[in-house]
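A.B. asks: predicted model and sequence follow; I will ask about them next.
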Amino acid sequence: MRYEWFIGLRYLKAKRKQTFISIITVISIAGVMVGVMTLIVVLSVMSGFEKTLKEKILGTQAHLIILKASQEGMDQYEEVIQKIREVKGVLSAAPFIFSQVMLSSGSNVSGVVLKGIDPDQEGKVTELANNLKVGKLQDLREVQAGEPPGIILGAELAKHLSTAPGDILQVISPLGTMTPMGMMPRMKRFRAVGIFHSGMYEYDNTMAYVSIESAQKFFGMGAQVTGIEVKTGDIYRVREIGREIQRKLGFPFWTKDWMEMNRNLFSALRLEKIAMFIILVLIVLVAAFNIISTLIMVVMEKNKDIAILKSMGASSKGILKIFMIEGLVIGVVGTILGTFLGLLAAFNLEKITGFVENLFGFKILASDVYYIDKLPSQVNPLDVWIITATAILISLLATLYPSWRASKLDPAEALRYE
């Protein structure tokens, strides 16, 4: 072992009269550890939040939708679907009708997005069939004679309207019909046949589904639909596939992919992740100041030792290395401990949050505020490498000034009064 490493590691063990320096060293290690651990946990939660949000969005939305530029209804959509299915990368396509309506249960009223779907095809383009807690998609078409057509509600919407399967609801459209009495809103009775739960409050509280035939009759669209929704084999190639579909269909058709539809949301998440990284790095910076303070005190305490080493032939570079090694060891030990505890917490976050919620009797995440009802976690190896590298780099930079100061010590001056 080179003398720089031997002496640098020895200086980490304080003598009895230097207990204060030893305490500051432990605090420095703890500071780096807490900073690294917090960074790993928080960034893992944000990565998990983004992943979960993406899964839930893609479970409710199609990967791609095709509309008409004129915003008019789409005629002969079966031919359009056939052309879309011929495009490489497209797995399935289904028609849909989309409009905002009022939904009344008698005692409560709510504004919702009513979506007309093909029960036979919807399960091939979205995860709606898997999200159903009560009923099935085919119930939208299987209507008894004299019964109102079926409607499927989000779990939160059903709760808000105090509605259970079998209850009758009134759907009111602002797109009314002209009568001798003036413009009258369209109204139609539907029977609740199913309830879905996507895990995203925004969808569970605002979405309702009916069969595409019921939607066409209610909105007076004849054989038209609003557009076509598409499922692709690769969610990250949707833009490329969308351009190919546009080339095949030509004007006036245009496409919109899931990334474009949710651009603002995911951009905000990325910015928040960067902001959180910058803010939490401040914890490591505070620990770095502790490293600087510790090394300065060690340098002051070891003036005589440094002078003797220089008198024995130690170079300024060697003295510099001694104190850089001491500071770097503090940073590396803190980083290793922080990484271990951070990964331990991140991989067991669901158990930890469940224990805290049961212990204190409150919900950490309110689904109506945070879109989701559980605290997700996804450890990104790249994030972990960036965090550990940043922590070690900051620790190394923190050693430069005290080490430089020690290397410039004049041995004659230090030994003058000895």
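C.D. replies: Alright, I've got the coordinates.

A.B. asks: list the buried residues of stretch 56-68.
C.D. replies: For stretch 56-68, burial by neighbour count (16 or more other C-beta atoms under 10 Å) applies to 56-68. C-beta: built from backbone N, CA, C; applies to glycine.

A.B. asks: can I get that stretch in CSV? Just the C-alpha atoms.
C.D. replies: Taking C-alpha atoms only, stretch 56-68 is exported to CSV below (Å, rounded to 0.1, in the frame of the first residue of the first chain):
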residue,chain,number,x,y,z
LYS,A,56,-53.0,3.4,-17.6
ILE,A,57,-53.3,5.9,-20.4
LEU,A,58,-52.5,3.2,-23.0
GLY,A,59,-55.0,0.9,-21.2
THR,A,60,-57.8,3.4,-21.8
GLN,A,61,-56.7,5.2,-25.0
ALA,A,62,-55.7,3.7,-28.3
HIS,A,63,-52.1,4.1,-29.5
LEU,A,64,-53.3,6.2,-32.5
ILE,A,65,-56.5,7.8,-33.7
ILE,A,66,-57.5,8.7,-37.3
LEU,A,67,-59.9,11.7,-37.8
LYS,A,68,-61.1,13.8,-40.7
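
A.B. asks: if we can go back for a sec, just the ones of the buried residues of stretch 56-68 in strands?
C.D. replies: Of those, the ones assigned to strands by DSSP state E are 64, 65, 66, 67, 68.

A.B. asks: could you give the mean pLDDT of stretch 381-400?
C.D. replies: What stretch 381-400 shows for mean pLDDT is 87.

A.B. asks: if we can go back for a sec, now the two most distant members of the ones in strands among the buried residues of stretch 56-68.
C.D. replies: 64 and 68 (14.9 Å; C-beta to C-beta).

A.B. asks: what residues are up against residue 262?
C.D. replies: By C-beta atoms under 8 Å, 6 or more residues apart in numbering, residue 262 lies in contact with 57, 61.

A.B. asks: and if we set it to 6 Å?
C.D. replies: Remark: with contacts taken as C-beta atoms under 6 Å, 6 or more residues apart in numbering, residue 262 is in contact with residue 57.

A.B. asks: report the buried residues of the strand or helix carrying residue 242.
C.D. replies: Per DSSP states H and E: residue 242 is located in helix 238-249. By 16+ other C-beta under 10 Å, the buried positions in helix 238-249 come out as 238, 241, 242, 244, 245, 249.

A.B. asks: flag the least confident of the residues you listed.
C.D. replies: Confidence by pLDDT is poorest for residue 249 among these, given 83.

A.B. asks: per-residue pLDDT of the nearest residue to that one once chain neighbours are set aside, please?
C.D. replies: Sequence neighbours aside, residue 83 is the residue nearest to residue 249 in space, at 6.2 Å (criterion: C-beta to C-beta, 6 or more residues apart in numbering). Listed pLDDT for residue 83 reads 88.

A.B. asks: the host helix or strand of residue 83 versus strand 64-68: what angle between them?
C.D. replies: Residue 83 is part of helix 77-85 when elements are defined by DSSP H and E. Orientation of helix 77-85 against strand 64-68 (axes from the mean of the first three to the mean of the last three C-alpha atoms, to 10 degrees) gives an angle of 140 degrees.

A.B. asks: what does helix 77-85 rub up against?
C.D. replies: The contact list for helix 77-85 (C-beta under 6 Å, 6+ apart) reads 90, 93, 95, 225, 228, 245, 248.

A.B. asks: please repeat the previous calculation with a cut-off of 10 Å.
C.D. replies: Here helix 77-85 makes contact (C-beta atoms under 10 Å, 6 or more residues apart in numbering) with 64, 66, 68, 74, 90-96, 118, 121, 212, 223-230, 241, 244-245, 248-250, 253, 255.

A.B. asks: quick one: buried residues of the one helix or strand residue 358 maps to?
C.D. replies: If you go by DSSP H and E, residue 358 is part of helix 349-360. For helix 349-360, the neighbour count (16+ other C-beta under 10 Å) marks 349, 353 as buried.

A.B. asks: chain center to that helix: distance?
C.D. replies: 20 Å (C-alpha atoms, centre = their mean, to the nearest Å).

A.B. asks: hey, C-alpha coordinates of it in PDB?
C.D. replies: Coordinates of the C-alpha atoms in helix 349-360 are reproduced here as PDB (Å, rounded to 0.1, in the frame of the first residue of the first chain):
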ATOM      1  CA  LEU A 349     -41.800   0.900  -1.400                       C
ATOM      2  CA  GLU A 350     -45.200  -0.700  -1.700                       C
ATOM      3  CA  LYS A 351     -44.700  -2.600   1.500                       C
ATOM      4  CA  ILE A 352     -43.300   0.500   3.300                       C
ATOM      5  CA  THR A 353     -46.200   2.800   2.200                       C
ATOM      6  CA  GLY A 354     -48.800   0.100   3.000                       C
ATOM      7  CA  PHE A 355     -47.300  -0.200   6.500                       C
ATOM      8  CA  VAL A 356     -47.300   3.600   7.000                       C
ATOM      9  CA  GLU A 357     -50.900   3.900   5.700                       C
ATOM     10  CA  ASN A 358     -52.100   1.200   8.100                       C
ATOM     11  CA  LEU A 359     -50.100   2.600  11.000                       C
ATOM     12  CA  PHE A 360     -51.400   6.200  10.700                       C
END
